[in-house]
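**Student:** Based on what follows, work out the 3D shape:
(one chain, ligands or ions: 1)
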Amino acid sequence: MSEVQKFAGLNLIAPLARAVAEEGYETPTPIQARCIPHLLKGRDLLGCAQTGTGKTAAFALPVLQGLEKSRGGKRRIRTLILTPTRELAAQIGESFRTYGRHLSLTSTVIFGGVSQGSQEKALRRGPDILVATPGRLLDLMGQKLIDLKHLECFILDEADRMLDMGFIHDVRRVIDALPAKRQTLFFSATMPSAVAKLADRLLTDPVRIVVTPELTTADGIDETLLFVDRGDKRRLLETLLQDTTICRALVFSRTKHGADRICKQLTRRKIAVGSIHGNKTQNARTRALAGFRTGELRVLVATDIAARGIDVDDVSHVINFDLPNEPEGYVHRIGRTARAGRYGKAISFCSGDELGYLRDIERIIKRKVPVRLDHDLHSEDAANGLEDGVPAESPCKRQARKQAERARQRRDGGARPARRGPQGQSANTRRSKGRPKGPAPAKNRRRRRARRPAGG
Ligand code: AMP
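**Tutor:** Residues are numbered from 1 along each chain as shown. Next up is the predicted model:
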């Protein structure tokens with residue numbers, strides 16, 4: 001179908017058209033132009049689209065319009081949006097509030113990692129729209145606090161990431177609880193076969209819309225790659241951040257520990273930095289994200305899962321401190337900048353051990369990432385896949401080897417060689433000294449609970 005050029009051509013009801021205009025949107029993005037007419041007619045939809053394409057409004061606007069038109073007496077959950085991360089859930093909830101601000105529909109967001117009290121209260125009021133992560137949704141369904149019998153529309157967002165994060169069983173359990181007669185929308189940035197199978201099962205005669213070809217990077221991103229020795233990466237990051245045009249940088253670390261290390265180091269250098277990853281409490285993550293949004297934090301260090309779908313305007317730079325081990329991750333990461341047609345820079349560090357990851361990335365984006373050689377920490381060794389002059393071991397192999405070593409040590413006589421404290425006592429002795437035998441103090445138990453992984 002031909003693309004509608006103006007929102008006026010989409011037949012949105014006046015309160016929605018007004019909200020869209022107040023947001024400053026003049027023309028629908030391609031996904032909006034192509035999805036909205038079908039969704040208003042009640043069709044199922046299979047959307048292959050990256051975040052940053054305007055996907056949220058593409059489904060939120062027609063959903064709000066449908067709900068407004070079919071409004072009956074009692075308030076019940078009539079639309080469910082299932083999404084993998086808490087940040088994404090909060091963002092979608094915010095979009096529904098923004099676009100629906102001139103309607104009297106209500107929405108609620110539920111996710112794990114926070115107490116359920118306020119979510120329970122909101123559910124009792126009977127929202128029209130529920131945005132949820134799978135774990136907390138199933139939890140509250142199990143407690144009979146959520147009734148999906150009156151659902152009219154189900155939206156599965158970021159299906160590929162949902163599968164990556166191991167939520168497939170949870171998603172299936174949610175689907176089993178939905179009424180058979182409903183409209184279903186299914187969005188995924190990529191379409192591996194497991195995702196396509198799930199879509200087949202869920203959708204009835206769907207409209208298929210692919211907005212940007214699978215795994216191509218968005219226009220408007222200036223990409224460069226810097227070869228650097230593993231041990232020099234942090235120095236390189238510090239040097240880069242002396243450039244004041246880097247005003248809002250999202251730095252990606254492959255591991256949670258790595259993210260913490262970067263954060264500590266930049267804090268020592270008096271750079272306003274925060275971090276988000278699965279070991280952080282929900283409050284700490286919300287605070288960091290809010291600080292990054294307002295500009296109070298210049299740098300946000302994140303792991304892939306925590307950052308997925310984060311929508312922050314004007315991210316000037318994405319810095320891949322580590323290359324992702326899944327090549328698709330590269331496209332998702334650098335898509336955090338240059339959102340909705342803006343311009344941004346993506347800078348990737350590549351050490352000798354990551355050369356294989358770089359090759360995988362270049363294979364899927366079907367081109368070379370431009371390399372910058374004119375920086376002081378450029379390493380020819382890294383460019384040739386070497387570390388200390390010998391072929392580097394990939395991070396995955398290194399991790400597997402370390403795990404095997406630890407397992408062997410356990411088999412061959414128990415613990416790893418204990419690290420000794422100043423008085424020669426082991427770490428365990430030091431830790432337990434002065435506290436009676438029995439369960440760990442409540443403070444520690446609370447801390448451990450707070451550190452449980454993200455998502456549900
Ligand atoms: P999304 O892909 O839904 O995460 O949207 C990415 C960004 O694009 C968000 O900041 C939206 O506010 C913005 N956006 C969505 N639709 C439009 C539009 N039609 N015109 C301008 N910006 C938009």
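**Student:** Next up, phi/psi of Ile317, please.
**Tutor:** For residue 317 the amino acid is His, not Ile. phi -140, psi 140 (degrees, to the nearest 10).
**Student:** where's Asp226, which helix or strand?
**Tutor:** One thing to correct before we go on: residue 226 is Leu, not Asp. Assigned by DSSP states H and E, Leu226 belongs to strand 221-227.
**Student:** For the following helix or strand past that strand, name the packing helices and strands.
**Tutor:** Going down the chain from strand 221-227, the next helix or strand is helix 233-240, by DSSP H and E. With contacts taken as 3 or more Cβ pairs under 8 Å, 6 or more residues apart in numbering; DSSP states H and E, helix 233-240 sits against helix 256-268, strand 344-350. For the C-beta atoms, the positions are set from N, CA and C on the backbone; glycine is no exception.
**Student:** So which of those has the densest surroundings on average?
**Tutor:** Greatest average neighbour count among these goes to strand 344-350 (a mean of 23), per mean count of other Cβ atoms under 10 Å.
**Student:** Could you write out the alpha-carbon coordinates of the helix or strand that that one is followed by in PDB?
**Tutor:** Per DSSP H and E, the first helix or strand lying C-terminal to strand 344-350 is helix 355-365. Extracted C-alpha coordinates of helix 355-365, given in PDB (Å, rounded to 0.1, in the frame of the first residue of the first chain):
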ATOM      1  CA  LEU A 355      38.200 -10.100  16.300                       C
ATOM      2  CA  GLY A 356      35.900 -13.100  15.700                       C
ATOM      3  CA  TYR A 357      33.000 -11.000  17.000                       C
ATOM      4  CA  LEU A 358      33.900  -8.200  14.600                       C
ATOM      5  CA  ARG A 359      33.900 -10.700  11.700                       C
ATOM      6  CA  ASP A 360      30.400 -12.000  12.700                       C
ATOM      7  CA  ILE A 361      29.100  -8.400  12.900                       C
ATOM      8  CA  GLU A 362      30.400  -7.500   9.500                       C
ATOM      9  CA  ARG A 363      28.900 -10.600   8.100                       C
ATOM     10  CA  ILE A 364      25.400  -9.700   9.200                       C
ATOM     11  CA  ILE A 365      25.500  -6.000   8.400                       C
END
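**Student:** what sits up against helix 355-365?
**Tutor:** The contact list for helix 355-365, computed with Cβ atoms under 8 Å, 6 or more residues apart in numbering, reads 215-217, 225, 323-325, 327-328, 330-331, 350, 368-369, 382-385, 392, 394.
**Student:** out of these, which are buried?
**Tutor:** Neighbour-count burial (16 or more other Cβ atoms under 10 Å) applied to those gives 215, 217, 225, 323-325, 327-328, 330-331, 350, 369, 382-383, 385, 392, 394.
**Student:** Indicate which one of the helices and strands packed on helix 233-240 is closest to Arg124.
**Tutor:** With Cβ to Cβ, the closest approach to Arg124 among the helices and strands packed on helix 233-240 belongs to helix 256-268: 35.9 Å.
**Student:** which outside residues touch the closest one?
**Tutor:** 234, 237-238, 241, 251, 253, 273-275, 277-279, 299, 301-303, 321-322.
**Student:** Now the buried members of those residues.
**Tutor:** Counted by 16+ other Cβ under 10 Å, the contacts of helix 256-268 give 234, 237, 241, 251, 253, 273-275, 277-279, 299, 301-303, 321-322 as buried.
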